[in-house]
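Trainee: Sequence plus predicted model, see below.
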Amino acid sequence: MRRLEAFTLATFLELHPTHVTVMIHQTPYDIPLSQEEHVLLQLLQEEPLVLLPVSRNHRQLLLNRLATDPMVLEELNDFEGAADSSVSSEGA
C-alpha cells in the first residue's frame, strides 16, 4: 500500500484570484492556486466550514488527494463529524 503524503487540515478563510488564505493553528497562510483549484474553491466558498488538505509545509493544497486517497477523505469525514456533533444542536 502506498504511503500517504503528510498533510494537515486547514480552515478555508478567503479566496483570492491567485491564492487562497487558510487558517492552520490560529495562523493564516496564503497558498497559491491553479486555475482548476480556484474554480473548485469558488464552488465551496459558500459553505459555512470548509476544511482543506494542505501539505505539512503549508505551501500547497492537496486537493488531488481528495479524489485519489481514501485516507484523506476518512480524515476529513472524521473531523467534520466530530465538529458537527459538538457544535450542531439541530433536532434536539
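Mentor: Received, thanks. All figures in this text were calculated on a predicted structure; none of them were measured in a lab.
Trainee: What count of nearby residues applies to the closest residue in space to Ala6 that isn't next to it in sequence?
Mentor: The shortest distance from Ala6 to any non-neighbouring residue, by C-beta to C-beta, 6 or more residues apart in numbering, is to Arg56 (4.4 Å). C-beta: built from backbone N, CA, C; applies to glycine. If you count neighbours by other C-beta atoms under 10 Å, Arg56 ends up with 12.
Trainee: Show the average pLDDT along the one helix or strand His38 maps to.
Mentor: Assigned by DSSP states H and E, His38 belongs to helix 35-44. The pLDDT scores in helix 35-44 average 89.
Trainee: Could you export the helix or strand just after it as PDB, CA atoms only?
Mentor: The element immediately downstream of helix 35-44 (helix or strand, assigned by DSSP H and E) is strand 51-55. Provided in PDB are the C-alpha atoms of strand 51-55 (Å, rounded to 0.1, in the frame of the first residue of the first chain):
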ATOM      1  CA  LEU A  51     -11.600  22.000   5.600                       C
ATOM      2  CA  LEU A  52      -8.800  21.600   3.000                       C
ATOM      3  CA  PRO A  53      -5.900  19.200   3.000                       C
ATOM      4  CA  VAL A  54      -2.600  21.100   2.900                       C
ATOM      5  CA  SER A  55       1.000  19.900   2.800                       C
END
